[in-house]
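> pasted the sequence and its predicted model underneath.
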Amino acid sequence: MWMLLPALLLASMNIAGNNLALVPDMIILYGAPVFTTLVVAYLLISSMITALSAWMGMTAKEELFVIIKQLFAFAGKRWLALAMLAISLPASALTGCVFSGSIVYTVFGIPSEWAMLFSLLFFWLSSLSLHNWILAIAKYLTVCSIPLFFIVGMMQLSQTFWQQTLLWGPVNWTLVFAFVGYNTGGIRPALMVEASACLSKKGYQVIGAAVLSKLIEGCFTFLMALVVYSADIMGPNSLLGLAEKISGPLGRTIFAFFLYGLFLNTMAPAMKVNIKEVGTLLGISNGWSTLITLFGIYSISQCSIYTILQGMSVSGLLMIVLNIYTAYRLYFKMSRRN
């Protein structure tokens, strides 16, 4: 039973823009057939990739950056930086600009372009110190927002669930790889490997806890998508539309602050990692790395969501290949050592 608490903690740490913003909005754009895609992406492939990451941490008892350096020498650092940025930059554009900017526009009425730029700069300034009072508040908002959205979702489903018929359509592989990349790419493999390394004394139970956390997260995401589908509301940030439907404009505003706090809690460390990895990849100073990162994220945010997801689909597939290859090289190295 000890696996349940770490699994819940890991699941709550991973719940971010894709779970509460991107996936519900995709239900609006694509309809019920996306549910098949969600099962494949979140409950199958993401669980397997997470199991591989957990196995690497348990086996090597080192951070991912150390493992990559040991397996691929110094060139591995740049390959890892490229793999992380290929997912993290477009994901940051969606969470840190598109969806966060939509919240600022909804609450304050600021034009979307300026709202997105404000959110991006705010997240960057918050990332300069990961121990300030703003992020402390964001952590509390994150802790409260997950059960809050869960309760509201259950309230909605209790009224409409039995009136709905789900259509299990064909798998949309573009969305599958985009979701997998968003869900298990970027900085998340590094966090999973580090967490598994810390718990390596538990042996293979660590992998069970990691997979359980991904299943919990996948079920929560599926629930949020089902809530949006059953409520027949519009996006972007369709869950805010659900809050307004249930509790009016005031409820929507309160939910907006909780959701923005969750985005801030994930975007501040992501911005720090983005800037560091851009500097590693290009071999430039922190100042230039910051400017290039901000410009890159904002530029990506000006593309359509479809275009961003297509790019993330390619990078998500490459991330899966890199993860499998790294695990294979580590297995081969450990076998020779034994």
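Arrived safely.

> got the contact list for stretch 257-264?
Residues from elsewhere that reach stretch 257-264, judged by Cβ atoms under 8 Å, 6 or more residues apart in numbering: 15-17, 20-21, 95-96, 99-100, 103-104, 107, 119, 122-123, 126, 134-135, 137-138, 140-142, 144-146, 148-149, 237, 239-240. C-beta here means a position set from N, CA and C on the backbone, and glycine is covered the same way.

> switch to 6 Å and redo it
17, 95, 100, 103, 138, 141, 142, 145 (Cβ atoms under 6 Å, 6 or more residues apart in numbering).

> same check on stretch 102-120?
96, 97, 100, 101, 236, 237, 253, 256, 260, 298, 301.

> hmm, residue 268 and the first one touching each other?
Yep, that's residue 96 we're talking about. No. In this structure, residue 96 is not within contact of residue 268 by Cβ atoms under 6 Å, at 9.7 Å.

> how near is residue 256 to residue 109?
12 Å (Cβ to Cβ, to the nearest Å).

> how about residue 34?
Taken as Cβ to Cβ, the span from residue 34 to residue 109 is 31 Å.

> quick one, which of the two is more surrounded?
residue 34 (23 against 8; other Cβ atoms under 10 Å).

> pull the number of nearby residues for the residue nearest to residue 80 when sequence neighbours are not counted.
Using Cβ to Cβ, 6 or more residues apart in numbering and skipping the chain neighbours, the partner closest in space to residue 80 is residue 68 (4.8 Å). Counted by other Cβ under 10 Å, the residues lying close to residue 68 total 27.

> over to residue 132?
Neighbours around residue 132, by other Cβ under 10 Å: 14.

> now do the one 4 residues further on
When counting by other Cβ under 10 Å, one arrives at 10 neighbours for residue 136.

> any idea which helix or strand comes after the one helix or strand it maps to?
Per DSSP states H and E, residue 136 falls inside helix 133-160. On the C-terminal side of helix 133-160, the nearest following helix or strand under DSSP H and E is helix 173-184.

> what residues sit buried inside that next one?
174, 175, 176, 177, 178, 179, 180, 181, 182, 183, 184 (16 or more other Cβ atoms under 10 Å).

> which one of the residues you listed is nearest residue 319?
The closest of those to residue 319 turns out to be residue 181 (Cβ to Cβ; 5.5 Å).

> got any ranges where the stretch 151-300 of the chain has weak pLDDT?
For the stretch 151-300 of the chain, the stretches with pLDDT under 70 are 159-167, 235.

> in it, which spans are helices?
Along the stretch 151-300 of the chain, counting by DSSP state H, counting those that start in this stretch, helices occupy 173-184, 188-198, 205-231, 238-282, 286-301.

> can I get those in TSV with distance to residue 320?
Below are the helices of the stretch 151-300 of the chain laid out as TSV (distance: least, Cβ to Cβ, whole Å):
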stretch	distance to residue 320
helix 173-184	7
helix 188-198	11
helix 205-231	14
helix 238-282	19
helix 286-301	21
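
> can you tell which of these is closest to residue 78?
The nearest among the helices of the stretch 151-300 of the chain, by Cβ to Cβ, is helix 238-282 at 5.6 Å.

> select only the buried ones of the contacts of stretch 257-264 in PyMOL?
The buried subset of the contacts of stretch 257-264, as determined by 16+ other Cβ under 10 Å, is captured in PyMOL by this line:
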select buried, resi 17+95+100+103+138+141+142+145
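
> want to throw the contacts of stretch 257-264 into CSV with pLDDT and distance to residue 314?
Converted to CSV, the contacts of stretch 257-264 look like this (pLDDT from 0 to 100; distance: Cβ to Cβ, whole Å):
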residue, pLDDT, distance to residue 314
17, 67, 20
95, 90, 19
100, 91, 24
103, 90, 28
138, 75, 31
141, 74, 34
142, 73, 30
145, 74, 31
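
> among the contacts of stretch 257-264, find me the one that's closest to residue 205.
Among the contacts of stretch 257-264, residue 142 lies closest to residue 205 (Cβ to Cβ), at 26.7 Å.

> quick check, that closest one in contact with residue 265.
Yes. Residue 142 lies in contact with residue 265 (Cβ under 6 Å); the separation is 4.4 Å.

> so what sits against both of those two?
With Cβ under 6 Å, 6+ apart, residue 142 and residue 265 have no common neighbours.

> show the backbone phi and psi for residue 170.
Phi and psi for residue 170, reported as degrees, to the nearest 10, are phi -70, psi 160.

> what about it, neighbour count?
Applying other Cβ under 10 Å, I find that residue 170 has 8 neighbouring residues.

> repeat for residue 47
Counted with other Cβ under 10 Å, residue 47 comes out at 20.

> and the nearest residue to it once chain neighbours are set aside, what does it touch?
Excluding the flanking residues, the one nearest residue 47 by Cβ to Cβ, 6+ apart is residue 214, at 4.6 Å. If you count contacts by Cβ under 6 Å, 6+ apart, residue 214 has them with 46, 47, 50.

> and what of residue 127?
Taking Cβ under 6 Å, 6+ apart as the test, what residue 127 contacts is 268, 271, 272.

> do you know how far it is from residue 304?
27 Å.

> and residue 38, by the same measure?
21 Å.

> and the two? Which one has more around it.
Using other Cβ under 10 Å, the more surrounded residue of residue 38 and residue 304 is residue 38, with 22 against 9.
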